[in-house]
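In: I'd like to go over a predicted model; first the sequence, then the structure.
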Amino acid sequence: MTSAAPLTPASAAAPSEENYEADRKEAADHASLKYSLLGPSLTKAGQDSVSEIIYNASKGSKFFDREEARDRSLTTKIDAILAKKRRLETLDLTRELRAADNLLAQHELSRDLTQHIVHIDCDAFYAAVEQLDRPELKDLPFAVGGGVLTTCNYLARSFGCRSGMASFVAMKLCPDLILIPLNFEKYTAKAAEVREILADYDPRFESASIDEAYLNITEYCAEHDMGPADVVSRMREEVHEKTRITISAGIAANARLAKICSNLNKPNGQFVLPRERAAIMAFMHDLPCRKVNGVGRVLERELAAVGIKTCGDVYEQRQYLDQLFGQKAYEFLLRCYLGLGRTKIQPAEEYERKSVGTESTFRDMGDPSQLREKLRKTAEGLESDMRKAKCKGRTLCLKVKLHTFEVLTRQVVTPTAVCLADDLYSYALPMLAKLEHEFPGLRLRLMGLRCTHLLSTKKPDARAFFGLRPQRSESAELGEGDSVIERKQEGEWEQGPPRDFSPNLDSSSWSTAGVAQALPKHGKEILPNPAGWLPAAAEEELWDCPVCARPQAADERQFNEHIDLCLSRQTIRDTVQQETATRPSQDRGTPETRKAREKKRGRPSTTSDPRQKKLCFG
């Protein structure tokens, strides 16, 4: 019997080399996944590369498995895009190149360099508000939130913590991190203080979320004979002096550029991009695509695969974009290359609302009775939101997230527009029951309802329809203070997804299945502009027409023309009525003439042909 051969150093090293190769292969395969796990706040200020820590902290969780599957799916999609591009490279794309150049020329004609658009963003807003009550936190890393961080101060960001991150991951990045529970009453009150100051510079500013807004200060600059940089600097100082909150700002020719610029000198800074085409084109040429609002991690990776890493690279690949990404993304990328964006700034409540929805995240739930109770509460919440929005919906969508982090949606078109909780629940229940049949043992961690194809329930003004002056309601006669209170009660904070979140990953995705969240909504809450600061609409002077009694513009020429027209109409009407009343009945025609007249009102008579036989169908 021979003894086993002694273990040589070479054979001892073999397993470790195999493990090293396996780990290296896995790391290479998961390189894109590691970058994806950095989350939607990757571009926020104060972030370092902590992908390895987040990767190891998330490994083995249900969320990690789901993201790994999505990463593989995206890799397959990118392979198809690259194969299509290789096929296009063998073709003559002169026509596509010329079409892209023509479209660029058309978009260039829409460039507006006459406006001063400002995007302001409060610095770590929730954390800054909490620090006002607890100054001792100034030199300590802390974050606001529970199972998921809503924001964190810049000291915590230096460790890699960020909004949308699971708290257990943040604690691994920063073991000394202090977690503070949310207090929305405090945040909304402070946001209202900031908004009152913004209204002095642009009463029609546009609220983008609870801590950011767009302003058009062109008129303010002209009235006060100041440059935009000086105006924004004064505004930032006033906000800090009155609210003790610091804000960062970007100043540019349009909203898209201003949004990008506001993140360049954070915190408590501002950046001015000159309103010159050459400066804008140079700025966009070297700007990473991910810095543009609207380019998420998925599109960023797809663009990088075809050779587009900066906005300047779009021009070199312009002949492929339409067929690779579709018309909508094609035009979006061309406008990004040119640095174009909207210049129309208006209060958020003036935009047409496309949908109303509500959703909530909770601990894994699989009991059918509990799921129906949760559906009932969700329907009641949606009814409340739709009453505030004064609308009904024709399409109802049910959104659920499984305990495996897979998101499913189902929708139904209702026979009539609905807004009551009972109706919403009755139409949503069959969709939930069908999901339970499709997925035996269904377990959920998120549920939401949303209504689209909205119909307004606001009562129309019948007097305005007929051109009459609207009657003053009792609420309008109460005075200015009462109307302000009424508006604030009706215009509650609009709830929506966090502004940094992409459709591929939301805040709840970072929590583990066993952690109870029950978090209130946070992020993109929108409040109407302060009613007291809106410019009072001057009551238009109207003159009542003595003939028709309808109000007319107080312009002598137009008023006289209207009276002449009314008199002409009245004269004609009186003459016709008088002639009809005084005309003798015998003058109205004999029975034969009346019969002939009645025939003329029908089908025209044709001359009969004696040679034509008369056909009878009996």
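Out: Yep, that arrived.

In: Run a quick neighbour tally on Lys459.
Out: Residues lying near Lys459 (other C-beta atoms under 10 Å) number 7. Every residue, glycine included, has its C-beta placed from N, CA and C.

In: Can you tell me the SS state at it?
Out: Using DSSP: H, G, I helix; E, B strand; the rest coil, the secondary structure recorded for Lys459 is coil.

In: Look at it and report its pLDDT.
Out: On the pLDDT scale, Lys459 is placed at 72.

In: That one and Tyr214: what is the separation?
Out: Distance of Lys459 to Tyr214, given as C-beta to C-beta, to the nearest Å: 32 Å.

In: what do you get for Gly160?
Out: The gap separating Gly160 from Tyr214 is 30 Å, by C-beta to C-beta.

In: okay, the two: which has more neighbours?
Out: Between Gly160 and Tyr214, Tyr214 has the larger neighbour count (other C-beta under 10 Å), namely 25 against 21.

In: Report the beta-bridge partners for the more buried one.
Out: As for beta bridges, Tyr214 partners with His119, Glu206 under DSSP bridges.

In: how many other residues sit next to Asn153?
Out: Asn153: 26 neighbours (other C-beta under 10 Å).

In: Am I right that it is in contact with Phe142?
Out: Yes: here Asn153 lies in contact with Phe142, judged by C-beta atoms under 8 Å, at a distance of 5.8 Å.

In: okay, and the common contacts of the two?
Out: Common neighbours of Asn153 and Phe142, counting by C-beta atoms under 8 Å, 6 or more residues apart in numbering, are Ala127.

In: for stretch 556-565, the distance to its chain's centre please.
Out: Counting by C-alpha atoms, centre = their mean, to the nearest Å, stretch 556-565 is centred 47 Å from the centre of its parent chain.

In: where do the strands sit along the stretch 301-450 of the chain?
Out: With DSSP state E, counting those that start in this stretch, the ranges of strands along the stretch 301-450 of the chain come out as 355-365, 391-402, 407-418, 444-456.

In: Spell out the secondary structure type for Val547.
Out: Going by three-state DSSP: Val547 is coil.

In: Find the residue closest to it in space, skipping its chain neighbours.
Out: Cys566 (3.7 Å; C-beta to C-beta, 6 or more residues apart in numbering).

In: Report the mean per-residue pLDDT for the host helix or strand of the one you found.
Out: Remark: Cys566 resides in helix 556-582, with elements defined by DSSP states H and E. On average, the pLDDT along helix 556-582 is 72.

In: What of stretch 203-213?
Out: Stretch 203-213 shows a mean pLDDT of 92.

In: For that stretch, buried residues please.
Out: The neighbour-count check on stretch 203-213 (16 or more other C-beta atoms under 10 Å) flags Pro203, Phe205, Glu206, Ser207, Ala208, Ser209, Ile210, Asp211, Glu212, Ala213 as buried.

In: Tell me if the fifth one really is in a strand.
Out: Yes: using three-state DSSP, the assignment for Ala208 is a strand.

In: Can you get me a residue count around the residue lying closest to Ser248 once chain neighbours are set aside?
Out: Among residues not flanking Ser248 along the chain, Lys266 sits closest, at 4.5 Å (C-beta to C-beta, 6+ apart). Residues within reach of Lys266, counting by other C-beta under 10 Å, total 21.

In: from memory Lys266 sits against Asp123, does it?
Out: Yes: Lys266 lies in contact with Asp123 (C-beta under 8 Å); the separation is 6.2 Å.

In: overlap in contacts of those two?
Out: Contacts common to Lys266 and Asp123, judged by C-beta under 8 Å, 6+ apart, are Ser248.

In: and the helix or strand in which Glu241 is found, what does it pack onto?
Out: Here Glu241, judged by DSSP H and E, is contained in helix 228-243. Other helices and strands packing on helix 228-243, by 3 or more C-beta pairs under 8 Å, 6 or more residues apart in numbering; DSSP states H and E, are strand 117-122, helix 184-201, helix 218-224, strand 247-252, strand 270-272.

In: For Gly393, find the nearest of these.
Out: For Gly393, the closest of the helices and strands packed on helix 228-243 is helix 184-201, at 26.5 Å, according to C-beta to C-beta.

In: Report the angle between the closest one and strand 117-122.
Out: 150 degrees (axes from the mean of the first three to the mean of the last three C-alpha atoms, to 10 degrees).

In: Buried residues, helix 184-201. List them.
Out: Tyr187, Lys190, Ala191, Val194, Arg195, Glu196, Ile197, Leu198, Ala199, Tyr201.

In: okay, those residues in JSON lines with distance to Met386 next?
Out: Below are the buried residues of helix 184-201 laid out as JSON lines (distance: C-beta to C-beta, whole Å):
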{"residue": "Tyr187", "distance to Met386": "25"}
{"residue": "Lys190", "distance to Met386": "29"}
{"residue": "Ala191", "distance to Met386": "24"}
{"residue": "Val194", "distance to Met386": "29"}
{"residue": "Arg195", "distance to Met386": "25"}
{"residue": "Glu196", "distance to Met386": "29"}
{"residue": "Ile197", "distance to Met386": "32"}
{"residue": "Leu198", "distance to Met386": "29"}
{"residue": "Ala199", "distance to Met386": "28"}
{"residue": "Tyr201", "distance to Met386": "34"}
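
In: Closest to Tyr320 out of those?
Out: With C-beta to C-beta as the yardstick, the closest approach to Tyr320 among the buried residues of helix 184-201 comes from Leu198, at 42.7 Å.

In: Contacts only, for the nearest residue to that closest one once chain neighbours are set aside.
Out: Spatial nearest neighbour of Leu198, excluding adjacent residues (C-beta to C-beta, 6+ apart): Phe205 at 5.1 Å. The contact partners of Phe205, by C-beta under 8 Å, 6+ apart, come to Arg195, Leu198, Ala199, Ala213, Tyr214, Leu215, Asn216, Ile345, Pro347, Asn529.

In: Could you check how far Phe205 is from Gly294?
Out: 21 Å.

In: same check, this time on Pro175
Out: Pro175 is 36 Å from Gly294, by C-beta to C-beta.
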